[in-house]
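Participant: A predicted structure for the sequence below; I have some questions about it.
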Protein chains: 4
Amino acid sequence: MTHPLLDLAPLTAAHFASIERRVAALLGTEQDVVVMQGEALLPLEGCIRGGAHPGSTALNVVTGPYGQTFGNWLRDCGADVVDLEVPFHTAVSAEQVARVLAEHPEIDFVSLVHAEAATGNTNPVAEIGEVVRAHGALFMLDAVASVAAEPLLPDAWGVDLCVIGAQKAMGGPAGVSAVSVSERAWERIAANPAAPRGSYLSLLDWKQRWIDGGRKALLHAPAQLEMLALEACLERIGSEGLDAVTARHAAAAAATRAGALALGGGIAPYVHEARHAAPVATTLRAPAGVDARDLVAKALAADPSLPVMAGGGPLASEMIRINHYGVDATRGVVQSSLAALGGALAEHGRPVDLEGARRAAGESWD
Amino acid sequence: MTHPLLDLAPLTAAHFASIERRVAALLGTEQDVVVMQGEALLPLEGCIRGGAHPGSTALNVVTGPYGQTFGNWLRDCGADVVDLEVPFHTAVSAEQVARVLAEHPEIDFVSLVHAEAATGNTNPVAEIGEVVRAHGALFMLDAVASVAAEPLLPDAWGVDLCVIGAQKAMGGPAGVSAVSVSERAWERIAANPAAPRGSYLSLLDWKQRWIDGGRKALLHAPAQLEMLALEACLERIGSEGLDAVTARHAAAAAATRAGALALGGGIAPYVHEARHAAPVATTLRAPAGVDARDLVAKALAADPSLPVMAGGGPLASEMIRINHYGVDATRGVVQSSLAALGGALAEHGRPVDLEGARRAAGESWD
Amino acid sequence: MTHPLLDLAPLTAAHFASIERRVAALLGTEQDVVVMQGEALLPLEGCIRGGAHPGSTALNVVTGPYGQTFGNWLRDCGADVVDLEVPFHTAVSAEQVARVLAEHPEIDFVSLVHAEAATGNTNPVAEIGEVVRAHGALFMLDAVASVAAEPLLPDAWGVDLCVIGAQKAMGGPAGVSAVSVSERAWERIAANPAAPRGSYLSLLDWKQRWIDGGRKALLHAPAQLEMLALEACLERIGSEGLDAVTARHAAAAAATRAGALALGGGIAPYVHEARHAAPVATTLRAPAGVDARDLVAKALAADPSLPVMAGGGPLASEMIRINHYGVDATRGVVQSSLAALGGALAEHGRPVDLEGARRAAGESWD
Amino acid sequence: MTHPLLDLAPLTAAHFASIERRVAALLGTEQDVVVMQGEALLPLEGCIRGGAHPGSTALNVVTGPYGQTFGNWLRDCGADVVDLEVPFHTAVSAEQVARVLAEHPEIDFVSLVHAEAATGNTNPVAEIGEVVRAHGALFMLDAVASVAAEPLLPDAWGVDLCVIGAQKAMGGPAGVSAVSVSERAWERIAANPAAPRGSYLSLLDWKQRWIDGGRKALLHAPAQLEMLALEACLERIGSEGLDAVTARHAAAAAATRAGALALGGGIAPYVHEARHAAPVATTLRAPAGVDARDLVAKALAADPSLPVMAGGGPLASEMIRINHYGVDATRGVVQSSLAALGGALAEHGRPVDLEGARRAAGESWD
């Protein structure tokens, strides 16, 4: 009763370490990388509980739903939290961040999401990083939705804690994730008496027992299959070329936006400026008087496998979201998604130019 | 350096035999089933070389390209061959078969393809089987493109050699295949001095060394991963239910035909009568003056992953083929294929009703 | 660039729920089961942080290294902790537990490890459970090393929180794990203001958002491959039969003990009484004057793949451990381990009866 | 219902061609390589049916059971066959081959097995190749049991048809196999009117439709999973290094032989000279009066997973065979096999030196 997912030889520490190195190479980082054995929420929570504590003040940039989660964790750690919220149709700017930092010189931790799949925005991390570094705060970035979809340079941008998962643009598994940790982040966490220690949430455990121990013994049995899948997707990204992968995502975003604009029927890009649009998902505003959930249901009735969904939470009635990441960052998925959305608009009696949308998306892709 | 496809425990004879039994259950057959370690061409060639010989006369029903391959093998075996060719836009009828059999009482072997993916036809095997049985000839059926896509009852229909592969409607692997063999087929092959023996092509080897030996030792190391994949797809068909799987294929065929009729633009179903249309692929005639290959290229430019292709050989310029089998027998793939084809027609300046096609296909599916 | 570990269709909530049900069936429990997306340390930590809090008093039974980890977590939660430590060469008894409970009526939480792979003991959970139930405390059991190796009946035994992993006797993956949660455990955790909420460690999140939400939406993308491997190993246990799997482990333990006794050379079972011996690992005391690490190194020089290791921490110099779980719970692995150990003893000049050991192990197995 | 072995994206022609190139690199050949979609018996049969015909004369070197199979095929093709049989305890020599070639100037085809797993011999192909080349005959080599276990240089040795499978020393799949084909082999086959054409057995089909067609379209759907496994094992061999893999096999053979000699108890190497011993399997002669099958049954009773077996056919009662290839070419498997065999001899009352065998094997390995 043999099965391809059972009875594999255990993943050795050396093999695990080699996967870790490949993640570091993907991020172009010289910093330590910790590959955590859980979804990316695990290192994100570990970073915040490691970096925040009573007496610290955090700037939490809220450009989507994860910002709220981060705020909850920060407050739970006893930190003072300054929330910088921007409307969901736009990215945050470095100027906005700089202003808050100037108003709150006590801020010593900044949390930011790079690309927001939920709103379709992407934030200018390079510029924000410069501002944060000048201020001196520790800088945590959630790059789950940006890695492999757009340039991501944690070292150049001064990111102290850069968290990634493989399940979006990387086309890989969700069950393991990774975080790069700068020297000063390690110092900060080590100095935090409330930082998780001896815990599944702990980054320090990995530092002290795995990294400082010479990467000889893992902390516990790893999620082996997810690790092998992570390795396989890194191999595949290497074959396609990281630049080609990000270019494919950029093309998908541009083609979806162009196609949606040509489609008509009363929809409009949710993100006002194209330069703010995330390469992993395009968000669209439903026509006045039409519930986005209805449109999505009609589009999915035609093809339930399409990466089309209504917005989350309060945006559910007004926002349509087209995902185009990983294996969905293709010309075909973009075209099919636009066609299904156009069909749904037509069913609502909205005049649409299906052929124009197809042509605009195709020309944009080329 | 562990890998999910390496170092599996060897497939035991008992496990192999259990997969064989599941294939028999899928076919509802009481006859022996031989699982051959190669693509379905292997058992097809094995059947013909086992059944045909100098002095025998074969009726070879040619309703698509494989009929020509069968004819070549039959002649290579020294058999006299009566080819019954029907135009590719229609199925053969039991009356046509009966007429040839009546004219050639010496016919002792009949070869037929059930569903023809290449032309989009499916032949009425139940009725033909009755005629062949009355005549007394050995009846070989190529059911690769029909198994799991439409009813297939080799025992009830008097099929002596029923060959299947898993790569179409079954959604499984192509590297192993199977054939059910009736008692009288075994007798015929055993009595044929020219039947392959001690050969990769030999059915008799499997009979004598595997089946008659109590299924204790395989003839050689099997294609283990393909066998496990075959088992997995049989398991999955069991979960969905064979009737549900065939119903899904019927729905896909009907929806594609309905959508294509509503699309307009000068295309027309290649198969004249809907009852002759194969559930695995729908073939369409390109509009006069438009090369089918151009249309397909344009459709695939929009989405290279769509199961849309030009016809083979002489049909290349005039036939468009939409496959809808296995994981492609879904509402979504049908809709996307129709949309892409409609877009391609529009690019050629043909007036198409994209929304009407979408609606017709959707309603047909429901 | 396709790969068997990439691009699988996402695991649906219904599929996830069906795996959850299979875990519940394995445990024969009517209680809720939460399948956590991490190694078993994750639910163990979640259980303790969910159940313990300032003001609660915990009885922490320490029969191996995990007891110390549990004690750390309990203290970190602010609970008063009564440690009941027993020598590592024996199991704890229900009487010992009863005595401590009688002395500390305030105890409201009991943590226990079922089988201790590190010491080779297994604790009498049925009897202890009766005592704990009579006392009224919440009862958490770490059954990672006992599940599928020996009877495990959380409901009958009054276990409120029964944590399992698949990586030992189940022969499955380590990257996901599970815990059964009784109604009163849910109440206790819900009433604990310090219980993790909105956290990767949280059991309550799974209760409120997954279970109470009708198992419609997962909390985050699951470790899909580990889940599929968990399903595959449950399927395989079902095929072999759970009773047969536990019988195989019992046979491996008895044969190893019998073989070691017959081998001579100065080694002796570490666990004094055979009825206390764990079915997953047999621990042996090295001969006086011989370092266990030397013996193990010599044994592994002969075969580095053998499941033979030195004891952990302070036991390293004196304890040899032979694991025999999962695919290693076979006659062959037991025999090879004994032979390698015998060879190592012979290299140290100890007189050994290799053939007697082989015979004794073989007869015990039969 | 997703499964790692189902629904993979189809293997493209380019990917298939890249695997073909990696096989060529493994063989260090400049010749065409055909990757056949079946076990190695398929290309072996294809080579003989392609190269032999009425009027040709073949020298068939019989050093094991496959030689008889080759003789059957050669005769079935109508060729005159000169069988050169050597006793199974020795390799054939180049001198013996030269003598037969001198006696039969009409010989135009030579078939030879490189390493014989069944007898434990390996034949001196380099020297034989020189003799065959001087004679001018076409030279077919069955290298299934030698590839990756010992040097294999088809181009340098003048091998015209070099057939390999991945299931032995390569540690890969059995369901696909490969053959390198020299220019003059292609010419010979093309000139043979009886060579398989339009057949699953045909090499020419691959030449004309795949290679000469620019490797654009496969002849039929491939055994995709077996192809991916072949690629994975080539990748793994590349990581370990081909020289390291062959060295590991040489060490396993030497250690097994040394251990068996030290074990005593009346067994003796079947292959008289160590330089003739195959690196994939060591064959031993059972003591007088002891049936090899009894010894093997006793050894396997201790560990059914050991690669120990009785000889085939007429050798069953006298020959014990220890396989040590692929993942079994390890120190541990060798030691465990020797220990089990020693135990079995002891059960028969034969005096054995288990510890001496263990030491001799270990020292030989080092």
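Facilitator: Thanks, I have it. Numbering: from 1, shown residues only, chains lettered A, B, ... in the order given.

Participant: number of nearby residues for the closest residue to chain D within chain A?
Facilitator: In chain A, no residue comes nearer to chain D than residue A:4, which is 5.3 Å away by CB to the nearest CB. Placement of C-beta: from N, CA and C, glycine included. Using other CB atoms under 10 Å in any protein chain shown, residue A:4 is surrounded by 26 other residues.

Participant: quick one, what contacts the nearest residue to residue A:101 once chain neighbours are set aside?
Facilitator: Ranked by CB to CB, 6 or more residues apart in numbering or on different chains and with sequence neighbours excluded, the top spatial neighbour of residue A:101 is residue A:135, at 4.5 Å. For residue A:135, the contacting residues are A:101, A:105, A:107, by CB atoms under 8 Å, 6 or more residues apart in numbering or on different chains.

Participant: quick one: which of the residues you listed has the most company?
Facilitator: For those, the largest number of neighbours (other CB under 10 Å) sits with residue A:107, at 24 neighbours.

Participant: tell me the domain ranges of chain A?
Facilitator: Using automatic domain parsing, the domain ranges for chain A come out as A:13-239, A:242-365.

Participant: tell me which residue is most central in chain A.
Facilitator: In chain A, the residue lying closest to the centroid (CA atoms, centre = their mean) is residue A:145, at 2.1 Å.

Participant: surely residue A:126 is in contact with residue A:153?
Facilitator: Yes - counting by CB atoms under 8 Å, residue A:126 does reach residue A:153; the two are 7.3 Å apart.

Participant: circling back to that earlier point, and the pLDDT at the residue of chain A closest to chain D?
Facilitator: We have a pLDDT of 92 for residue A:4.

Participant: from what I see, it and residue B:4 are in contact.
Facilitator: Yes - applying CB under 8 Å as the test, residue A:4 and residue B:4 come out as touching, 4.1 Å apart.

Participant: what is in contact with those two at once?
Facilitator: With CB under 8 Å, 6+ apart as the test, residue A:4 and residue B:4 both reach C:4, D:4.

Participant: coming back round to it: OK, contacts around the residue nearest to the centre of chain A?
Facilitator: Going by CB under 8 Å, 6+ apart, residue A:145 touches A:113-117, A:168-169, A:278, A:280-281, A:325.

Participant: repeat that for 7 Å
Facilitator: A:114-117, A:168, A:278, A:280 (CB atoms under 7 Å, 6 or more residues apart in numbering or on different chains).

Participant: helices of the stretch 151-300 of chain A, start to end?
Facilitator: For the stretch 151-300 of chain A, applying DSSP state H, counting those that start in this stretch gives helices covering A:154-157, A:183-190, A:203-205, A:224-240, A:242-263, A:292-302.

Participant: those helices: which one's closest to residue B:29?
Facilitator: helix A:224-240 (37.4 Å; CB to CB).

Participant: can the closest one be found next to chain D?
Facilitator: No - against chain D, helix A:224-240 shows no contacts by CB under 7 Å from any CB of the partner chain, the least distance being 8.9 Å.

Participant: any buried residues in that helix, and which?
Facilitator: With burial defined by 16 or more other CB atoms under 10 Å in any protein chain shown, the residues of helix A:224-240 counted as buried are A:224-234, A:236-237.

Participant: farthest-apart pair in those residues, please.
Facilitator: Between any two of these, the greatest separation by CB to CB is 20.4 Å, found for A:224 and A:237.

Participant: circling back to that earlier point, wait, isn't the residue of chain A closest to chain D in contact with residue D:4?
Facilitator: Yes - counting by CB atoms under 7 Å, residue A:4 touches residue D:4, with 5.3 Å between them.

Participant: torsion angles phi and psi at whichever residue of the stretch 201-350 of chain A sits closest to chain C?
Facilitator: Nearest to chain C, among the residues of the stretch 201-350 of chain A, is residue A:223, at 2.5 Å (CB to the nearest CB). Main-chain torsions, residue A:223, degrees, to the nearest 10: phi -80, psi 80.

Participant: relative to residue A:49, how far out is it?
Facilitator: Shown here: residue A:223 relative to residue A:49, a distance of 21 Å by CB to CB, to the nearest Å.

Participant: neighbour count winner among the two?
Facilitator: Ranked by neighbour count (other CB under 10 Å), residue A:223 and residue A:49 place residue A:223 first, with 29 against 24.

Participant: ok, now which ones touch the more buried one?
Facilitator: By CB under 7 Å, 6+ apart, residue A:223 lies in contact with A:37, A:175-176, C:174-175, C:223, C:226.

Participant: now residue A:13
Facilitator: A:215-218 are the contacts of residue A:13 under CB under 7 Å, 6+ apart.

Participant: tell me the confidence at it?
Facilitator: 97.

Participant: likewise the one 10 residues further on?
Facilitator: We have a pLDDT of 98 for residue A:23.

Participant: close to chain D: what parts of chain A are there?
Facilitator: A:4-5.

Participant: which single residue in the stretch 151-300 of chain A comes nearest to chain B?
Facilitator: Going by CB to the nearest CB, chain B is nearest to residue A:228 of the stretch 151-300 of chain A, at 7.0 Å.

Participant: leaving aside the residues next to it on the chain, what's closest to that residue?
Facilitator: In space, and not counting its chain neighbours, residue A:228 is closest to residue C:5: 5.8 Å by CB to CB, 6+ apart.

Participant: how about residue A:345, what does it touch?
Facilitator: A:265, A:267, A:295, A:352.

Participant: kindly report the same for residue A:332.
Facilitator: Residues in contact with residue A:332 (CB under 7 Å, 6+ apart) are B:302-306.

Participant: that one: helix or strand, and which one exactly?
Facilitator: Residue A:332 belongs to helix A:331-347 when assigned by DSSP states H and E.

Participant: chain center to that helix, what's the gap?
Facilitator: 25 Å (CA atoms, centre = their mean, to the nearest Å).

Participant: so which bits of the helix or strand following it are buried?
Facilitator: Past helix A:331-347, further along toward the C-terminus, the next helix or strand under DSSP H and E is helix A:354-365. Of the residues in helix A:354-365, A:354-362, A:364-365 count as buried by neighbour count, 16+ other CB under 10 Å.

Participant: what residues does helix A:354-365 touch?
Facilitator: With CB under 7 Å, 6+ apart as the test, helix A:354-365 has contacts from A:251, A:254-256, A:258-259, A:261-263, A:331, A:334-335, A:338-339, A:342, B:301-302, B:343, B:346, B:354.

Participant: stretch A:71-87 now?
Facilitator: Contact with stretch A:71-87 is made by A:45, A:48-49, A:52-54, A:56-63, A:92, A:96-97, A:100, A:104, A:107, A:109, A:194, C:198, as judged by CB under 7 Å, 6+ apart.

Participant: could you redo the last one with a cut-off of 6 Å?
Facilitator: Defining contact as CB atoms under 6 Å, 6 or more residues apart in numbering or on different chains, one finds that stretch A:71-87 is touched by A:45, A:48-49, A:52-54, A:56-63, A:92, A:100, A:104, C:198.

Participant: so which of those sit within helices?
Facilitator: A:45, A:48-49, A:100 (DSSP state H).

Participant: nearest to chain C, of the residues you listed?
Facilitator: residue A:45 (5.3 Å).

Participant: nearest spatial neighbour of the closest one, skipping sequence neighbours?
Facilitator: In this structure, residue A:45 finds its nearest non-sequential neighbour in residue C:200, 5.3 Å apart by CB to CB, 6+ apart.

Participant: might one say that the one you found is in contact with residue A:43?
Facilitator: No - contact criterion CB atoms under 6 Å: residue C:200 and residue A:43 do not qualify, at 9.3 Å.

Participant: I'd guessed residue A:50 sits against residue A:189; true?
Facilitator: Yes - using CB under 6 Å, residue A:50 makes contact with residue A:189 at a distance of 3.9 Å.

Participant: check contacts around residue A:183.
Facilitator: For residue A:183, the contact set (CB under 6 Å, 6+ apart) is empty.

Participant: for the nearest residue to residue A:120 once chain neighbours are set aside, which residues count as its bridge partners?
Facilitator: Closest residue in space to residue A:120, ignoring its immediate chain neighbours: residue A:283 at 3.3 Å, by CB to CB, 6+ apart. Note on residue A:283: beta-bridge partners residue A:321, judged by DSSP bridges.
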